[in-house]
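Chemist: With the sequence up front, the predicted model follows.
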Amino acid sequence: MHVVHLLFAHIPISAIILGWLFNRTCPHTPILPTFMTVVGAVSVVFMGIWIAVSCCEHSGTPCSNRQKLAVGMLSMPILICMVIEMFLVAHLSPNFDPTAEYYCSKMFYSFVICKEVVSAAAIIIAALFYFPGSGLHCCWPNCSFLSRGRAFYIRV
């Protein structure tokens, strides 16, 4: 079982669900819920590819270069989108009164802030413990080498 993958999987799934549920509840910045839903969907695809590559490496089967390319190609847009999302949230000064002009749902706004903090922590943890010693790292010439780092693998 891949413990870290399962711990990180709730972040994009919750972003999709809450972005969709609160789609019309932030008139001050209406793009934020939609943007969060899209980032969550791309992140779910990224997590799926990451899990597939990790399972291949863990079972002794080298990953394919296409899988490595997909991880590399999806990681940069996700990071860029997260920075844009953080910028939007940092410059948003909502009013939690539903009749106000700059209204934004307090629950949604609080969730976005918490999601950004947890996502940043997850990225830092993944970068520190997983990617540097792995065949997933984008600077490796190919995927034919097995990963040296086994920090996140626990068999149940």
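Modeler: Yep, that arrived.
Chemist: Output stretch 37-44 as CSV, nothing but the C-alphas.
Modeler: Provided in CSV are the C-alpha atoms of stretch 37-44 (Å, rounded to 0.1, in the frame of the first residue of the first chain):
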residue,chain,number,x,y,z
THR,A,37,-12.2,22.4,-9.8
VAL,A,38,-9.9,22.4,-12.9
VAL,A,39,-6.8,22.2,-10.8
GLY,A,40,-8.3,19.4,-8.7
ALA,A,41,-9.1,17.4,-11.9
VAL,A,42,-5.6,17.8,-13.3
SER,A,43,-4.2,16.9,-9.9
VAL,A,44,-6.3,13.7,-9.8
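Chemist: for the record, mean pLDDT for it?
Modeler: If you average the pLDDT over stretch 37-44, you get 87.
Chemist: May I ask which helix or strand of the protein has the lowest mean pLDDT?
Modeler: One helix or strand of the chain scores below all others by mean pLDDT, DSSP states H and E: helix 65-90, with a mean of 78.
Chemist: which one is Leu7 nearest to, not counting chain neighbours?
Modeler: Nearest non-adjacent residue to Leu7, counting by Cβ to Cβ, 6 or more residues apart in numbering: Ala122, 7.9 Å away. Any C-beta I mention is one placed from the backbone N, CA and C, and that applies to glycine too.
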